[in-house]
Every structure is written in C-alpha cells, then in structure tokens.
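>>> Sequence and computational prediction follow.
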Amino acid sequence: MERGLLAYILIPLLSAIVIPFAARNKPRIADIIANVTLLAGLANMAYLLLNPSNIAESFSNIPGDGFSLLMVFTIYLVALCVVFFSAFFAGPMANRQAYFCLMLISVAAMCGVVTTSDFFTLYIYIEVLAVTSFALITTDDTSAGLEGAIKYFLLTFPASVSIIVGLSLLLLSVGGFSFENVKMFMSAGSPDGAALFGIGLILLGFLIKAGVAPFHAWVPDAYQGSFAPVSTHLAGIVTKISGIYAIIRISMLMRFSEGEAQALAGTLMFLGMLSIAVGAIAALRQKDLKRMLAFSSISQLGYIVLAAGLGTPLALIAAIFHLFNHATFKTVLFLNSASLEKAAGTTDMDKMGGLEHAMPWTSWTSVIALLSTAGIPPLSGFWSKLLIIVALWAGGAKVYALLALLFSIVTLAYFMVMQKKIFFGKKSAAAGISEVSAPMLAPVVLMSAVIVAVGLLFPYFYAYLVETIAKRMIL
Amino acid sequence: MTYHTLLFLLTTICAAGAVMAGDLLIGAIMLALVSIGTSLILFDFMAPLAAVFELSVCAGLITVLFVGAVSLVRQSEDADARGRVKFLVLPLAAAGAAIILWFTLPGFFETLITGGTVSTAGQDPIGITLWTARRPDLLGQIAMLAAGVFVIKSIFPRRNK
Amino acid sequence: MTNSFALDWYFIALILFIGLYCMLVSRSLLRQLIGLEIMSKAGLLAVISSGALTSNLSLAQAVIITMIVIEVVVVAAGLALLAKNFRINKSVDIWNLKGLKG
C-alpha cells in the first residue's frame, strides 16, 4: 500500500466515527462534516494531479501508481457531488447521521480497494463496500429499496465465495496474495492450470459484482429501487470500483495482451461485447428513467470490460479513461433523474414531457452528459470510445471494433428518445413544475464542466495516462 | 488421516442436514454443527487460533443470531415447508454431484500437489504475521466493524416518538 | 497431511455444491442465509487446506481470522435486512419481491 495514500482511507473513517458524537443534537453538522472531509480530500488530490508543473517535468513528480491516484480522485469527486446533493435532497430519510457515516465509510472502503497491492486486502475492502452499499440502498425505508437491497445481497455474497475459493487456489499455485507475487509468478513463465482456474474464479466473482451481462439481473432493480442520490453513488462509482477496477488490475498483472491466458481474455472480451449489446437493446425499451439509465450503465461497462480483455497498453489506458468518464457522465444523468423525481414526482418517462422550459439547467446538463456517453466530439466520452475502438482495431479484434462502433449509435438513439420524452415534446405535463434549487444544481453543473474540460484538455489527460500508467505499470 | 477425512465427511453430512431440515430451528442448530466440524478441522490442520475464533464466533455468536431470527419469523407461514420436495431431492442431487466429482476432482487436485509453490519464507508465529505482513487487513477489519455498527444503526433507526 | 489433500478438496466442492443448491431452491430469506453460511465455510476450508499444503499456515490462519470477522458482520447485516423486510412486508419469502420490473 502506498504510505501517502493511507490518509485518504483514515480521514473519512475517522470523520464517520466522529459524526455520531458531534452531530448528536444538530443533524446539520453531519452534512457539514461529511462535505468538508470530502472537499479537503478532493482539493488535495486535485492539487497533486492538476499541478501545471506536471507537464514540464513529464509527470515525474507524481508518486507511484497513476491508476490508483486517478481512481482516488474520481471517488472523491463523485462522492462529494452525491453527498452535497443529498444534503439538500430533503427526501424521507430515516436516519440522517447514519446515512452520512455510511457514505464516508463507503468512500474509505473504495480508497482501500484502489490503493492496496494485495488481493486479499482488496477482497476485505470490497466486502466493506458491499455491506455499506446495501444499507445505503434501503435508506428511505420503502419496500422497493428493500427489494433492491435483498437482491443485491443475495447475488453479491455468493460472488465473494467464488473470489475466496479463487484466492485459495492462488495461494496454492502462486504462494501469496500480493500483486508482486503474481507479477513474479507471471514473469517466470506460462501460468499452470491451477493458477488460471483460480484467476478465472476471481474474475467470475468480480464480473458478478460489476453486473456485467449475463450476471446483470440485480443491477436494474438495485438502481431503480434505491434512494435517489444513492443510485447515483452506486452507478457512478461503487459498482465500478467493486468490480471493474479489479478486472483491469488482473488484466494488467496477467498480461492478457501477450496471450498467456488466452481463454480468460477471450471470454472476458466476449462478455464485454454481450454486455454492450444486452444493455443497449434493453435500454431501448424501458419506460422508467432510472431503469433505462441502469441498462445504459451495463452497456457502458461492457466497453471497459471489452478493452480490459484485450489488454494492450492502449486498450488498458482507454479502459481506465472510460472508467473515469463513465463516472462523470453517469453522475450527471442519475443526479438529474433524482432532481426530476423530486420536481415531477415520478421517474416514469411516459408521464413527463416538455420540461425543457421548466427545468432548463437540468435539461442542458443532461444533453451534455448524454452526448458524451454516446461519444460526440469534443466531449470526453468521444475520446475514450475512440481510444477503445482504435485499440481494438490495432489489436486485431476488428469485428468487435465494428460492433462497438455500431452500438455506440444505438446509445445515441436511446438517449435521444429519453431526451425527447422528458424534456421536449408536449408541454401539458409540465404545468406547475419548476427548477430545483441552486445548491442541487451545483454538483450537476460542476460535473458537466468536468466533462467539457476533460474533452477539451484531452492531450493533457492522454499524456498523464501514458506517462504514469502505460509506461510505469504495463511496459 | 482417517480422523481427518471422517471430520470432513461429518461436516458435509451436517451441511446437507442443515439444508434439508424441515424446521428452521433444527436448520440453525445443524449450521452450528457445521461450524463445530469446521473448527475441529482447523485444529487438525494445526491452526488453533483460527479454530478458537471459529468456535466462539461462528458456532456461538452466529448461532445465537440465527436462533433469534428464527424465533422472529417463525409465526409467519413457511413457504418452503409446503414445497419440501425440492429439499428432499437434495440427497439425490448431492449424490449425483458426488459421483461426478469423484471421477473428475481428485485427479485434478492430485496434479496440483506437485505444482504447489511451497513458501520459502520462515514460519513466523501467527501474531507476527498478522501484525507485520497483514497490517492493511487489520485496518480493513476496523472499517468492517465500523460499517457493521452503522448498518445496524441505519436499518433500525431510533424511533422519534 | 498432503496425501489427503485431493480428498479434502473433494469434500470442499461437495459442501460448496450443497450451499449453492440451498441458495438456488429456497424461497425463505433465512434459508438463503443458511446456504450462504455453508458456502463461506467451504471457502474457509479451501484457504486452510491450500495453506497447509504449501506450508504457509500462519498466512492462512491470519487470513481466516479476518474472514471470520467479515462473515459475522455480513451475516448480522443480512439478518438485520431480514428483520426489516419482515417488519415492512410481513414475510420472508423472496418470491414475494416482485415490485420492480421492466
């Protein structure tokens, strides 16, 4: 574990423990402590990553592992948006303090996941994350939330057992759990059957936790049923960190690009493509906004898994970049769906329409996010999808590259349908609906600005990815 | 070795019993027996500390929690009690799986014995290992316990009135 | 110890199968949790068995202690969820959970 990054785990954990004592009489103090903690962490990380001198020194002043740093930044960014939003989203909240404490512990657990260099420690933090997230899903005490939480619980813990059995096979053949052990083992020659079987079981567990097709059954229910800001948290960052992060790591360590584990890499690419197709086609025929976004999320995950399965340096940095972009645009879309739920009282798309004039900010930030998701230049999503498709083409997977391009157009189609149904069209349903308050718009506007800025400053980010990830960790 | 295999066999039978039990209370008690069997296996593997943990926490604490939950839900009708056929099918299914596995698994794992990497690091006592090599895990345990406390707090909020 | 290794894993696979079967066919949430417990016991036995074979017992033991702590919190949280479900829906039958569709 990086010694310097330990603070990003410890500080949220300590804040979470402090909140019940500090905010016993005034519940508002809980909001303030949570927001300040996350803001401080974000500012620290942003200073490290976005320092103008980075380019001059070609990123040599950034310590260690660029992937971990970028993920910590993303976690704090999304969590800050969600926490700030939910402080003003005065929904039915059974226990405000416990909600913010769980949010902070979930941030600490995610930082634990991304900063560790040991598979067993990774597993522990993923379990912490799973326990906190299903408690967060039931925050608003509805029976839909409970249903989502139970489905999540019943699918995610068998996946943990699969990971544990895989880890024990790893202990058998590699002799330890740390990334170093696996790296040394891989450099010694082709892996034997036990190691491949173990890694296969671990991958299976993480694929279930990430909700990649055909293991996606729990995703739409959990996202639709949960408390609105929590579904942003889940879709934006939690399922990515608890599943996709480890898949990308394994792809790096097992050198999928060099054909050492051909069967695993091929299966991973196939599941990624299946996920893209299933998510996109199912999203076309959804009536409920949150459910449609959930299927869209499955589809976007497919792109990341597809690139991770290919495993060339370009594909891996494209996957990491798409992971970051996915976090930004899904946060915007889910937060907007929460705003709509608060303003219009429903998430059924057929019951809405013509909200463009009533809610201009929500409408236009949705447009930015959906264009980025569909890959329209110059927004950030365009660059990451372009990198993925170029990597696939260069890596020899030309059929997958063409299919990925095709489904990118389907993505645009279902988002256009969504935008037309909700914001454009007949104005009859819009009567009496007005824009949500400014503090609730602030996170959305911030995230949209990030999307545009990352798209325009793409050369900087590309240089960061190449210098700190591709050169240090893969080659 | 015979004792060792016998323990595994008993644990497997108790697990099947826990699944097949008609009464949930008997199921919970069978689960405790599975834990005790696991704990004895751990003793046999010369892992006494883990065995004591397993015995006190899993066989003790978790059983208490399960019995509490059983007494809570007992008055509701048990849908599984009506469709019991699928649980009685378990021995058949398990026997089928046992026969299939018998011809595939031992052969596969026999090959692993030679392929296993024997650790060259000296055998430190468990406490030293836990403290030096697995320190991040301890932090993870603390996070897990904190998460558990807040989960319970969030699921059972204090009543306002 | 090593010559019974293959047989140990045979039983581990069998216990895993029993737990999985329980989770597949049960309707009661409590029985699902029992299946989950049985499966995690199998995982625990798998770790100690590989640790013993590679004479890495202290690492395996350290890992198992952590796993037991995790298991307790997961089961306690699952039972809390069950109790809440029972309070709201008056049932522990997971087939009654059909509110979300699309």
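Great, that's in hand.
>>> looking at the chain, which helix or strand is least sure?
Using chain A here. Ranking every helix and strand in chain A by mean pLDDT, DSSP states H and E puts helix A:53-56 at the bottom, with a mean of 75.
>>> Give me the contacts around that helix.
A:Asn61, A:Ile62, A:Tyr460, A:Ala463, A:Tyr464 (C-beta atoms under 8 Å, 6 or more residues apart in numbering or on different chains). From N, CA and C alone the C-beta is placed, and that goes for glycine too.
>>> With B:Ile128 as the reference, measure out to the most centrally placed residue in chain B.
For chain B, the residue sitting closest to the mean C-alpha position, by C-alpha atoms, centre = their mean, is B:Ser35 at 5.8 Å. Applying C-beta to C-beta, to the nearest Å, the value for B:Ser35 to B:Ile128 is 27 Å.
>>> again, but for A:Ser231
Counting by C-beta to C-beta, the gap between A:Ser231 and B:Ile128 amounts to 45 Å.
>>> how many neighbours does the closest residue in space to A:Pro229 that isn't next to it in sequence have?
Closest residue in space to A:Pro229, ignoring its immediate chain neighbours: A:Ser86 at 3.8 Å, by C-beta to C-beta, 6 or more residues apart in numbering or on different chains. Using other C-beta atoms under 10 Å in any protein chain shown, A:Ser86 has 28 other residues around it.
>>> and A:Ala7, how many neighbours?
A count of nearby residues for A:Ala7, using other C-beta under 10 Å, gives 12.
>>> is the helix or strand harbouring it up against chain B anywhere?
With elements delineated by DSSP states H and E, A:Ala7 resides in helix A:6-22, which encompasses its position. Yes: in this structure, helix A:6-22 sits against chain B according to C-beta under 8 Å from any C-beta of the partner chain; the contacting residues are A:Ile9, A:Leu10, A:Leu13, A:Ala16, A:Ile17, A:Pro20.
>>> Can you spell out which helices and strands pack onto the helix or strand following that helix?
Next along the chain after helix A:6-22, taking DSSP H and E as the criterion, comes helix A:28-49. Under the contact definition 3 or more C-beta pairs under 8 Å, 6 or more residues apart in numbering or on different chains; DSSP states H and E, helix A:28-49 sits against helix A:6-22, helix A:66-88, helix A:96-115.
>>> between helix A:28-49 and helix A:66-88, how many degrees?
For helix A:28-49 and helix A:66-88, the angle between their directions (axes from the mean of the first three to the mean of the last three C-alpha atoms, to 10 degrees) works out to 150 degrees.
>>> Tell me the buried residues in helix A:28-49?
A:29-31, A:33-34, A:37-38, A:41-42, A:44-45, A:48-49 (16 or more other C-beta atoms under 10 Å in any protein chain shown).
>>> Compare neighbour counts for A:Ser231 and B:Ile128 and give me the winner.
Neighbours around A:Ser231 and B:Ile128, counted as other C-beta under 10 Å, are more numerous at A:Ser231. The numbers are 29 against 12.
>>> Quick check: A:Ala344 touching A:Ile433?
Yes: with contacts defined as C-beta atoms under 8 Å, A:Ala344 counts as touching A:Ile433 at a distance of 5.5 Å.
>>> list the contacts for residue 97?
Because you didn't say which chain, this covers chain A. Shown in contact with A:Gln97 (C-beta under 8 Å, 6+ apart): A:Ile19, A:Pro20, A:Ala23, A:Pro27, A:Ala30, B:Lys153.
>>> I was thinking of chain B, sorry if that wasn't clear
Per C-beta under 8 Å, 6+ apart, neighbours of B:Ala97: C:Leu14, C:Phe17.
>>> do the same with C:Gly51
Under the criterion of C-beta under 8 Å, 6+ apart, the contact list for C:Gly51 reads A:Ser168, A:Leu171, B:Phe45, B:Ala47, C:Leu57, C:Leu59, C:Ala60, C:Gln61, C:Val63.
>>> How about B:Leu130?
Taking C-beta under 8 Å, 6+ apart as the criterion, B:Leu130 is in contact with B:Asp137, B:Leu138, C:Ala62, C:Ile65.
>>> And for A:Ile105?
Counting by C-beta under 8 Å, 6+ apart, the residues that A:Ile105 touches are A:Pro12, A:Leu13, A:Ala16, A:Val128, A:Thr132, B:Ala143, B:Ala146, B:Ala147, B:Phe150.
>>> and the residue nearest to the centre of chain B, what does it touch?
Applying C-beta under 8 Å, 6+ apart, one finds that B:Ser35 lies in contact with B:Glu54, B:Leu55, B:Cys58, B:Ala59, B:Ile62, B:Thr63, C:Lys41.
>>> What parts of chain C come near chain A?
Remark: the part of chain C in contact with chain A comprises C:16, C:19-20, C:23, C:29, C:32, C:36, C:39-40, C:42-44, C:46-47, C:49-51, C:53-54, C:56, C:59-60, C:63, C:66-67, C:70, C:73-74, C:77-78, C:81, C:84-85, C:88-89, C:94, C:97, C:99-100, C:102, using C-beta under 8 Å from any C-beta.
>>> what about 7 Å?
With C-beta under 7 Å from any C-beta of the partner chain as the criterion, chain C comes near chain A at residues C:23, C:29, C:32, C:36, C:39-40, C:43, C:46-47, C:50-51, C:53-54, C:56, C:63, C:66, C:70, C:73-74, C:77-78, C:81, C:84-85, C:88-89, C:94, C:97, C:99-100, C:102.
>>> Looking at the residue of the stretch 1-150 of chain A found nearest chain C now. What's its pLDDT?
Using C-beta to the nearest C-beta, the point where the stretch 1-150 of chain A gets nearest to chain C is A:Glu147, with a distance of 4.4 Å. Predicted confidence (pLDDT) for A:Glu147: 86.
>>> Could you list the low-pLDDT ranges of the chain?
With no chain named, the answer covers chain A. Low-confidence segments of chain A (pLDDT under 70): A:1-3, A:63-64, A:90-94, A:259, A:426-432, A:474-475.
>>> other chain: chain C
If you take pLDDT under 70 as the line, chain C has these spans: C:1-3, C:96-102.
>>> Do you have the strands of it handy? List them.
In order along the chain, chain C carries no strands (DSSP state E).
>>> The nearest residue to A:Ala210 once chain neighbours are set aside and chain B, how far apart?
By the measure of C-beta to C-beta, 6+ apart, the closest residue to A:Ala210 outside its immediate chain neighbours is A:Gly243, 2.4 Å from it. The gap separating A:Gly243 from chain B is 18 Å, by C-beta to the nearest C-beta, to the nearest Å.
>>> Please settle this for me: is A:Gly243 part of a strand?
No: with DSSP: H, G, I helix; E, B strand; the rest coil as the criterion, A:Gly243 is located in helix rather than a strand.
>>> thought A:Leu264 was touching A:Leu201?
No: under the criterion of C-beta atoms under 7 Å, A:Leu264 makes no contact with A:Leu201, lying 10.8 Å away.
>>> sorry, back to before: just want to know which of A:Ala344 and A:Ile433 has more residues nearby.
In this view A:Ala344 and A:Ile433 are compared by other C-beta under 10 Å, and A:Ala344 has more residues nearby, 21 against 17.
>>> Report the contact partners of the more buried one.
Under the criterion of C-beta atoms under 7 Å, 6 or more residues apart in numbering or on different chains, the contact partners of A:Ala344 comprise A:Met352, A:Ile433.
>>> ok, back up a step: give me the pLDDT for the residue nearest to the centre of chain B.
Per-residue confidence for B:Ser35 comes out at a pLDDT of 94.
>>> Kindly report the residues of chain A close to chain B.
Checking chain A against chain B by C-beta under 7 Å from any C-beta, the hits are A:1, A:9, A:13, A:16-17, A:94-95, A:98-99, A:101-102, A:105, A:108-109, A:112, A:116, A:118, A:120-121, A:124-125, A:127-128, A:131-132, A:135, A:138-139, A:172-175, A:192, A:194.
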